[in-house]
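# Any chance you can model this:
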Amino acid sequence: MITVSPFLSLGIFFLLIVIMLLVFWPNKGLAYYYRKLNQNSKRVLIEDALKHIYDYESHKLNVTLNSIAGNLNISADKASKIVQSLKKLKLVKLNNQLITLTEDGKTYALRVIRVHRLWENYLAEETGLKEIDWHDEAEKVEHLLSQEDADILSAKMGNPKFDPHGDPIPANDGSYFFNKGKLLNNIEIGQVVKILHIEDEPKTIYTQLIDQGFYPGKEIKIVARSDEKITIAADGEEIKLSLLFASKVSVEILLEQEFSNEKIKTLVDLKPGETAKVIKVAPICRGQQRRRLLDFGIVPGASITVHMNNPLKDPIAYLVKDTIVALRKNQAKLVLIKT
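A predicted model of the protein is given here:
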């Protein structure tokens, strides 16, 4: 027969007490945090569903359970529960199979969208994070910041009206400026346009558009089109885009606009000993990287000379106002010059 020491029994008893306290202690135990996590997860799904519905309604598309399930990557059953929660909260209305936002639902959706776009703007202007990652990082923060935090953040950045992709940032009352642009795939041959907005989803298409040098504010000209592609001219090159890719870009038609397709030189085009004047730092250069170049004295009108070439040609030493500055090629390409 196995006997247990009274001290061991007492120890096991106290261990069980401690475990129960850790699990069930009011507002502190693991059970509390588990419930809190589930609540937060449900809130995230609700807010993501509201964003999806608002986006679809903005593009005049019908919202269904299947579209919500697909967008949120959840089962149709879970999507149905989310919609029922939204209905109970009076954030959506159901009409047969169609789901639409109520005024309260639209207000809630705009609050989440506001935080997302403000945070993207913050990442673009205040950090060195790559633009391809702005959206994903903002997705994490949009469910965490309160409206008071969003107001403070907006004020610190001068209350921006558009995010770095060209999307309008709603004010705290839900109002926002709207760019009345056209989709690039609908533009006719010969028209000169300015890019207003680039859709950042899906990420694969957005990445390729950015790699092609597209950014809000860029001027381009449509020089050819077919049933499958359009050809645009910009910066001395011609770029072919599928109509799908072109449909992710909103533009403004520039009337009676002179357009030059001459290649604009950048610092990487200079040879050792050559001097040029800085036209500007490319608009696509933002945040810490832009401030770094400006702090070096690389501003419009400044003279800049290739001081020394690295055998590997990266980085390259430049002379700016009697100061030697080392820039890598990807940085030098952002400085537009004239010789």
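# ok, which stretches of the stretch 201-339 of the chain are strands?
For the stretch 201-339 of the chain, applying DSSP state E, counting those that start in this stretch gives strands covering 219-225, 229-234, 237-242, 249-253, 275-281, 303-309, 316-320, 323-327, 335-338.
# so can I have a markdown table of those strands showing distance to Thr107 and mean pLDDT?
Quick note: C-beta positions are derived from backbone N, CA and C, even for glycine. Below are the strands of the stretch 201-339 of the chain laid out as a markdown table (distance: least, CB to CB, whole Å; pLDDT from 0 to 100):
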| stretch | distance to Thr107 | mean pLDDT |
| --- | --- | --- |
| strand 219-225 | 37 | 91 |
| strand 229-234 | 38 | 91 |
| strand 237-242 | 37 | 91 |
| strand 249-253 | 25 | 92 |
| strand 275-281 | 39 | 88 |
| strand 303-309 | 51 | 83 |
| strand 316-320 | 50 | 87 |
| strand 323-327 | 47 | 87 |
| strand 335-338 | 43 | 87 |
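# What sits closest to Pro160 if chain neighbours are left out?
In this structure, Pro160 finds its nearest non-sequential neighbour in Asn121, 5.2 Å apart by CB to CB, 6 or more residues apart in numbering.
# list the contacts for that neighbour?
Met157, Pro160, Asp163, Pro164, Ile169 (CB atoms under 8 Å, 6 or more residues apart in numbering).
# about what we covered before: so which of the strands of the stretch 201-339 of the chain gets nearest Asp55?
strand 249-253 (14.3 Å; CB to CB).
# and that closest one with strand 229-234, angle?
Inter-element angle recorded for strand 249-253 and strand 229-234: 60 degrees (by axes from the mean of the first three to the mean of the last three CA atoms, to 10 degrees).
# can you start the count at 58 instead of 1 from here on
Understood, numbering begins at 58; the last thing we discussed is strand 306-310.
# elements contacting strand 306-310?
strand 239-240, strand 249-255 (3 or more CB pairs under 8 Å, 6 or more residues apart in numbering; DSSP states H and E).
# Out of the ones you listed, which is the most enclosed?
strand 249-255 (a mean of 20; mean count of other CB atoms under 10 Å).
# count of neighbours near Asp292?
15 (other CB atoms under 10 Å).
# which one is the most centrally placed residue in the chain nearest to, not counting chain neighbours?
Ranked by distance to the mean C-alpha position of the chain (CA atoms, centre = their mean), the top residue is His192 at 3.4 Å. Using CB to CB, 6+ apart and skipping the chain neighbours, the partner closest in space to His192 is Asp257 (4.8 Å).
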